[in-house]
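would you be able to build a 3D model of this:
(one chain, ligands or ions: 1)
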Amino acid sequence: MTMIKCISPVNGEVYAERPAMPLELAKQAVAHARLAQKNWARRPVEERVKLVLAGVARLNEMVDEVVPELAWQMGRPVRYGGEFKGFNERSNYVASIAADALKPIIVEESDRFERRIEREPHGVVFVIAPWNYPYMTAINTVAPALMAGNTVIIKHASQTILVGERMVRAFIEAGVPADVFQNLFLDHDTTAALIAAKSFDFINFTGSVEGGRSIERAAAGTFTGLGLELGGKDPGYVMEDADLDAAVDTLMDGATYNSGQCCCGIERIYVHESLYDAFVEKSVAWVSNYKLGNPLDPETTLGPMANKRFAATVRQQVADAVSKGAKALIDPKLFPQDDGGAYLAPQVLVDVDHSMEFMREETFGPAVGIMKVKNDAEAIELMNDCQYGLTVSLWTNDADRASRIGRDLETGTVFMNRADYLDPALCWTGVKETGRGGSLSILGFHNLTRPKSYHLKKVTA
Ligand code: NAP
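Residues are numbered from 1 along each chain as shown. A predicted model of the protein is given here:
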């Protein structure tokens, strides 16, 4: 029997393992989900919303177990208290708009005609989730999909193998029927085989570009709808009128929080030449304040990366950039806990350029490159010089200028004076290799349902 294992970054040992489900059993689980779906969809939307929120509340009651469990699985320091803030914010927001987002679009209601577009659930929705924000990324689809009347099957990342199991347990204890929301422990082959067998009516995949490609290949020819939320290399651009301290604070936090393992984390920063020196100096001071260490220690502000192989990628990219002329500004002596494995010191690089992999490929670690720019045109060209497009963080006091620049940017979200945040009222989406589709917001509900048109002609005397 194949075991799916979580190797803890805290000590490099197996923290949790679960047997991978054989294909036949997984197919049975899908059949149960399909059978349960019609009844679930027949319930009023208010009832479904209430049950989902009860599941969210039940999970909140498990906070004392969830927080250390997360630290063991993926290294986030316990002092940050898990990810309940965003998890609750997103759940509550989608709950507040569900009825409105799902209501029919009435085109005509007259003596002669009823014409409207209703929204129907897809059926069985499959959620494939990543480890970096394991609860928040999952809830983006799980909550609205259930509220819309779909049943949901979740397959969570091996690194955070306990998260899907715990979410489902919370929801079931809160009253969601067992077949309506199921967690399956699946290996890649079984996942692909289920998808290829047309088991699902919609798939949301959040993860790497390579993973997204595999899912797209598995789904080829099945016509299964796909939402793909993939990698990023998000830039910040600090203009000459920016609030420097606020820019440093938010961009450095965006670059390093969660050990830089955030899809919309800041990976490269372009600073107007007039502010460049001050920005670099303040950024180095900001990052130097981190305390790297065991995530279970409440004093630790920067935990290990989730897996030593992720840290190895960061180390390799930084070393490559330095070999090509980049300068690393963080003194390694400040971080003696860096063990060459999962525990990795943060880093700020200058003298970088776009010939370096570090400035173009996703790094997904607590390391950021800073470049000097002369004007908006140069910054726009550099920000677009990348295969990804998730968010961009612009720093200026001029909203018109930010909107103008935003129109020229190849990105899913344009931020001004903030970064590394997911606004549940807006559509979370990407361009280029960051993926397709969109979640949250009213559009997220539309993507988790399909339109059905009614054209009813009445017989008149
Ligand atoms: P990943 O390796 O692609 O894994 C994501 C999920 O997909 C995991 O559950 C994984 O299972 C599964 N998976 C990967 N390849 C698969 C395959 N061939 N067949 C079946 N399942 C497969 O990504 P990750 O390392 O967990 O997450 C980090 C990446 O996610 C980064 O690139 C980040 O930018 C991206 N991300 C994007 C967003 C966004 O909103 N755009 C949000 C969060 C993260 P196993 O763990 O069992 O391999």
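
could you pull out the helices for the stretch 1-150 of the chain?
Using DSSP state H, counting those that start in this stretch, the helices found in the stretch 1-150 of the chain span residues 23-42, 45-61, 63-74, 84-102, 134-147.

mind listing what's buried in the second one?
Going back to what we said before, that points to helix 45-61. Buried residues in helix 45-61, counted by 16 or more other Cβ atoms under 10 Å: 45, 48, 49, 50, 51, 52, 53, 54, 55, 56, 58, 59. From N, CA and C alone the C-beta is placed, and that goes for glycine too.

that helix - contacts with which helices or strands?
Judged by 3 or more Cβ pairs under 8 Å, 6 or more residues apart in numbering; DSSP states H and E, the packing partners of helix 45-61 are helix 84-102, helix 134-147, helix 161-173.

contacting residues around it?
By Cβ atoms under 8 Å, 6 or more residues apart in numbering, the residues outside helix 45-61 that reach it are 40, 66, 84, 87-88, 91-92, 95, 98-99, 102, 135, 139, 143, 146-149, 166-167, 170-176, 181.

tell me the confidence at residue 365?
In the prediction, the pLDDT value recorded for residue 365 is 98.

repeat for residue 461
Looking at residue 461, its pLDDT is 66.

pick the most buried one from the helices and strands packed on helix 45-61.
Stretch with highest mean neighbour count among the helices and strands packed on helix 45-61: helix 134-147 (a mean of 28; mean count of other Cβ atoms under 10 Å).

around the ligand, pick out the residues from this protein.
Contacts of the chain with the ligand, taken as Cβ under 6 Å from any ligand atom, map to 128-132, 137, 155-159, 188, 191-192, 206-208, 211, 214, 229-232, 263, 362, 364, 390, 430, 434-435.

so which of those are in strands?
Assigned to strands by DSSP state E, the following of the residues of the chain next to the ligand qualify: 128, 155, 206, 229, 435.

for residue 364, list the residues it contacts.
132, 231, 260, 261, 265, 310, 313, 314.

can you rerun that using 10 Å?
Contacts were defined as Cβ atoms under 10 Å, 6 or more residues apart in numbering; by that measure residue 364 touches 132, 208, 231-233, 258-263, 265, 267, 305-306, 310-311, 313-314, 317.

repeat that for residue 159.
Residues near residue 159 by Cβ under 10 Å, 6+ apart: 5-9, 15-16, 73-75, 130-132, 134, 306-307, 310.

separate out the buried members of the residues you listed.
By neighbour count, with 16+ other Cβ under 10 Å, the contacts of residue 159 hold 6-9, 15-16, 73-75, 130-132, 134, 306-307, 310 as buried.

tell me how this structure divides into domains.
By the record's domain assignment, the chain is partitioned as 3-230+434-457, 234-423 (automatic domain parsing).

picking that back up, buried subset of the contacts of residue 364?
Neighbour-count burial (16+ other Cβ under 10 Å) is assigned, among those, to 132, 231-233, 258-263, 265, 267, 305-306, 310-311, 313-314, 317.

so which of the residues you listed sit within helices?
310, 311, 313, 314, 317 (DSSP state H).

the last one touches residue 344, doesn't it?
No. Taking contact to mean Cβ atoms under 10 Å, the distance of 11.6 Å between residue 317 and residue 344 leaves them out of contact.

which neighbours do those two share?
Here residue 317 and residue 344 have 365, 367 as joint contacts, going by Cβ under 10 Å, 6+ apart.

for the most centrally placed residue in the chain, report the pLDDT, please.
For the chain, the residue lying nearest the average C-alpha position, counting by Cα atoms, centre = their mean, turns out to be residue 137 (4.5 Å). With respect to pLDDT, residue 137 scores 97.

any idea how far the closest residue to residue 296 other than its chain neighbours is from the ligand?
Excluding its sequence neighbours, the residue lying closest to residue 296 (Cβ to Cβ, 6 or more residues apart in numbering) is residue 71, at 5.3 Å. For residue 71, the distance to the ligand under the criterion Cβ to the nearest ligand atom, to the nearest Å works out to 17 Å.

next: residue 393.
15 Å.

assign residue 204 to helix, strand or coil.
Under the three-state scheme (DSSP: H, G, I helix; E, B strand; the rest coil), the conformation of residue 204 reads as strand.

now the helices for the stretch 251-400 of the chain?
Under the criterion DSSP H, counting those that start in this stretch, helices of the stretch 251-400 of the chain are mapped to 276-288, 308-323, 376-384, 399-407.

and the third one, which residues are buried?
Read it as helix 376-384. In helix 376-384, residues buried by neighbour count (16+ other Cβ under 10 Å) are 376, 378, 379, 380, 382, 383.

redo those as JSON lines? Include pLDDT and distance to residue 107.
As requested, the buried residues of helix 376-384 are arranged in JSON lines below (pLDDT from 0 to 100; distance: Cβ to Cβ, whole Å):
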{"residue": "376", "pLDDT": "98", "distance to residue 107": "43"}
{"residue": "378", "pLDDT": "98", "distance to residue 107": "48"}
{"residue": "379", "pLDDT": "98", "distance to residue 107": "45"}
{"residue": "380", "pLDDT": "98", "distance to residue 107": "41"}
{"residue": "382", "pLDDT": "98", "distance to residue 107": "46"}
{"residue": "383", "pLDDT": "98", "distance to residue 107": "41"}
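
out of these, flag the one nearest to the ligand.
Taking Cβ to the nearest ligand atom as the measure, residue 383 is the one of the buried residues of helix 376-384 closest to the ligand, at 17.1 Å.

touching, the closest one and residue 266? I think so.
No. Counting by Cβ under 10 Å, residue 383 stays clear of residue 266, with 11.7 Å between them.
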